[in-house]
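S.K.: need a 3D model of the following:
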Amino acid sequence: MLAPDRAYLAMHPNLRPPMPIEHSQIANWAIAEGWPGTSKHIPLTQATFPALLELPGHYSYCMGESGAAPLGFGQIWLNQANGTTNLVRVLIDPQRRGQGLGKLLCRLLLAEANRISPGQAVKLRVYRGNHAAVSVYRALGFETVVGESNAEVLAMASRKC
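M.R.: Residues are numbered from 1 along each chain as shown. Here you go, the predicted model:
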């Protein structure tokens, strides 16, 4: 397992747009993770992944230094239909999991969400069986939204940004 330099990352956290050359790698992470097969009626494949980045109201980010391989990926979705700010498609490189990078990525995404949509609570949905992600979200102050959850998925919202 490759270990990032935690001290460096803590001092130099960086969100940047994903580069086209990285789309295939990130799509592979998503497919392996078992992301839902479609989003906005677009099937998830390597070929269609770039279209998911272009959906209206979606802001896409990689975590990592410019020119270096991404450590993680996530999107902020400003849902105009219901006025919510959402974290979606959050992933860490499978070879780098278990090192605190998920929490760092989510903190960076939350800060960015607060920058582009100040003061608004942030929502997300996560598979109930994804215990590591649920733990990260709870540690960051997310709480379950019972009325929006179901047997398979927890809906969660931040207490504050």
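S.K.: show me what the helix or strand harbouring residue 123 is packed up against.
M.R.: Using DSSP states H and E, residue 123 sits in strand 122-127. For strand 122-127, the packing partners by 3 or more Cβ pairs under 8 Å, 6 or more residues apart in numbering; DSSP states H and E come out as strand 84-92, helix 101-116, helix 131-139, strand 153-158. Using the backbone N, CA and C atoms, a C-beta is placed for each residue, glycine as well.
S.K.: what comes up buried for the third one?
M.R.: If you call a residue buried by 16 or more other Cβ atoms under 10 Å, then helix 131-139 has these buried ones: 133-134, 136-137.
S.K.: how about the nearest residue to residue 45, chain neighbours excluded?
M.R.: Of all residues not flanking residue 45 in the chain, residue 27 sits nearest, at 7.1 Å (Cβ to Cβ, 6 or more residues apart in numbering).
S.K.: contact partners for the one you found?
M.R.: Residues in contact with residue 27 (Cβ atoms under 8 Å, 6 or more residues apart in numbering) are 44-46, 49.
S.K.: low-confidence regions, the protein specifically.
M.R.: The model of the chain has pLDDT under 70 over residues 1-13, 36-41, 160-161.
S.K.: how close does the residue nearest the centre of it sit to residue 69?
M.R.: In the chain, the C-alpha nearest the mean C-alpha coordinate belongs to residue 90, at 2.0 Å (Cα atoms, centre = their mean). Note on residue 90: its distance to residue 69, by Cβ to Cβ, to the nearest Å, is 17 Å.
S.K.: who wins for most neighbours among the contacts of residue 27?
M.R.: The most neighbours of any of these, using other Cβ atoms under 10 Å, belong to residue 49, which has 21 neighbours.
S.K.: can you report how many residues lie near residue 14?
M.R.: Neighbourhood size, residue 14 [other Cβ under 10 Å]: 14.
S.K.: doesn't residue 67 make contact with it?
M.R.: No - Residue 14 is beyond contact range of residue 67, at 11.0 Å (criterion: Cβ atoms under 8 Å).
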